[in-house]
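Trainee: Predicted model, plus sequence, below.
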Amino acid sequence: MNDIYRHQNEPWWVRRASGIDQVVRYAGVLSILFGVVVLVVLFGQALIEGFPRLQLEFFTSFPSRIASQAGILSAWVGTIWVIVLCALMAVPLGVMTALYLEEYSSRHLLSRILEINIANLAGVPSIIYGLLGLGLFVRLLALGRSVLAGAGTLALLILPIVILATREALRAVPHSLREGSYALGASRWQTIWHQVLPAAFPSILTGIILAVSRAVGETAPLIMIGALTYIAFLPQSVRDPFTVLPIQVFNWVSRPQQAFTANAAAGVVVLLGITLTINAVAIWLRHRYQQKI
Amino acid sequence: MNDTHTMNMVFSIRGLQAGYGQKSVLHDVSIDIPPRSITAIIGPSGCGKSTFLRCLNRMNDLTPDFYVRGKVMHRDEDVYGQSVDVTHLRRRIGMVFQKPNPFPKSIFDNVAYGLRIHGMRDQKKITEKVHDSLVKAALWDEVKDHLAMPALRLSGGQQQRLCIARTIAVAPEVILFDEPCSALDPVSTRNIENLIVHLKKDYALIVVTHNLQQAHRIADYVGFFHMGRLVEFGAMKQVFEESTHQLTRDYVQGVFG
């Protein structure tokens, strides 16, 4: 296609520029390939190793000392409990915080300090949140090693991510949209509710989903607050002890018996499956929403 | 200028000063805007005409560090008074922007939005108002068969007329236009101009424009701003043809822009 523009006597700088173009293009393709290959290999290996274990019983059995009878029932149920509760806490808090910072607060010293701190919190290692959860939820609020304590800890962990993502989304809403609404005599809240939030919704949703899928995979903070690795019952309320998928996988991997490795691999497949499903739902929701506009 | 004269004016502005932080934009502007007429605000870029327009419906309130001094009276109400409900004020003083900014909703919902936020719930009444507003904005015939279509699929000129329709829907007394045609092609520009001229039997219209021919075509009164000061205000013919100010004469003759 480019050939019709290509002349024999192009000056050297034009030839060099198109040479650089080619290099950048191939470097980009290689980078993408690297990520895709690593993911495929990881997933493929886990799938090959764990596939024989991915039977119905694997999902309906409690963990066991006998590898072939062990399942992930308490783990996946625990994951759903914790994640749903975590999202219920983190999403409203995070979105409201971002709304306040972005739409209501005046750009003064206090809000700037808050801003910097939230950005920093998003980069704090998750084990630190585990310590915080241990001190705050398990001990101070005496929630014990409960679902509530786990969900609270993860909520704290993803709160900064939700806030940052929501703020970015709100900032991306064009100012002209707000002005159009204000010019008709809309109040601040009407403008936010009817114009800003719907326009920002797809991006906010993406941020929330990314944050939640991070929470799904977190292990360290939950081990820190003392989530158990061996649970042979399902939580009946938010005060009950629990385990989650990554902890179960972690437990199986650390066993000396070879047979448990297959269980771990199967657990990894399920965990990846959950994360990918959540992401797929997010993409689908966003797509559907954008079509409506 | 006597009191009854001032009372009839849509806007009566005395000693208006405004700016952003350290930067002052308007200096001591005094002007009276008559009802049911088109007032064009002209002047070179950066002369403060947009800032002036946005003082009238307090759109500048949204800009950080903005300040305003002086008196802006709308009828007998102090626009910057303590007890003014800004949302109520903005409903009565509509505004159409430079770049068409329809909401990312359907054509119908764009016009119905203003009605709904001001508490209209009766679907039949809303439908009726939407119809009337689209007719008044000379858009009805083009969109009547696809009111549910996203407004962003309309052409630029249609979008701007939709923005005018949604402004009309909430029944303002004044409509402010901030260079309403500068993002449009000549045909759309003519449509909007015809519409503006048509609207003056019901509303007071204030049009900020870069385009001197446009001011000449549509305006009844012209205010010429230069470096934040109102140099001259008067009937269109007088400003364009019989001005006694050297600055005005130079500007309308295109000596500087």
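Mentor: Perfect, thanks for sending it.
Trainee: What sits closest to the residue of the stretch 151-257 of chain B found nearest chain A if chain neighbours are left out?
Mentor: Closest contact between the stretch 151-257 of chain B and chain A, by C-beta to the nearest C-beta, is at B:Val170 (5.7 Å). Every C-beta, even on glycine, is put in place using the N, C-alpha and C of the backbone. Take B:Val170 and drop its neighbours on the chain: the residue closest to it by C-beta to C-beta, 6 or more residues apart in numbering or on different chains is B:Gly114, 4.0 Å away.
Trainee: Please verify my assumption that that neighbour contacts A:Ala183.
Mentor: No. Using C-beta atoms under 8 Å, B:Gly114 is not in contact with A:Ala183, being 9.2 Å away.
Trainee: phi, psi of the residue in the stretch 51-200 of chain A that chain B sits nearest to?
Mentor: Residue nearest to chain B within the stretch 51-200 of chain A: A:Gly185 (3.2 Å; C-beta to the nearest C-beta). Backbone geometry at A:Gly185, expressed as degrees, to the nearest 10, gives phi 90, psi 20.
Trainee: now the residue nearest to B:Val170, what's its secondary structure?
Mentor: At B:Gly114 the chain is in helix, as set by DSSP: H, G, I helix; E, B strand; the rest coil.
Trainee: Also B:Ser243?
Mentor: coil.
Trainee: Enumerate every residue touching it.
Mentor: B:Ser243 makes contacts with B:232, B:249, B:252, as judged by C-beta atoms under 8 Å, 6 or more residues apart in numbering or on different chains.
Trainee: Got the phi and psi for the residue of the stretch 151-257 of chain B closest to chain A?
Mentor: phi -90, psi 10.
Trainee: ranges for the helices of chain B?
Mentor: Secondary structure of chain B (DSSP state H): helices at B:3-8, B:49-56, B:86-92, B:107-117, B:123-136, B:140-143, B:156-169, B:186-199, B:212-218, B:236-241, B:246-252.
Trainee: repeat for chain A
Mentor: Assigned by DSSP H, the helices in chain A fall at A:12-50, A:56-60, A:73-99, A:109-121, A:126-133, A:147-171, A:175-183, A:188-191, A:197-217, A:220-224, A:245-253, A:259-292.
Trainee: Mind checking the ones you listed for the one nearest to A:Val238?
Mentor: Closest to A:Val238 of the helices of chain A is helix A:147-171 (C-beta to C-beta; 4.3 Å).
Trainee: Pull out the buried residues from the closest one.
Mentor: Buried residues in helix A:147-171, counted by 16 or more other C-beta atoms under 10 Å in any protein chain shown: A:147-170.
Trainee: ok now that helix, how far from the chain's centre?
Mentor: Distance of helix A:147-171 from its chain centroid, counting by C-alpha atoms, centre = their mean, to the nearest Å, is 10 Å.
Trainee: B:Asp61 against B:Thr87, yeah?
Mentor: No. The pair B:Asp61 / B:Thr87 is not scored as a contact, 11.1 Å apart, by C-beta under 8 Å.
Trainee: out of these two, which sits in the busier spot?
Mentor: Neighbour comparison, B:Asp61 and B:Thr87: the larger count goes to B:Thr87, with 18 against 14 (by other C-beta atoms under 10 Å in any protein chain shown).
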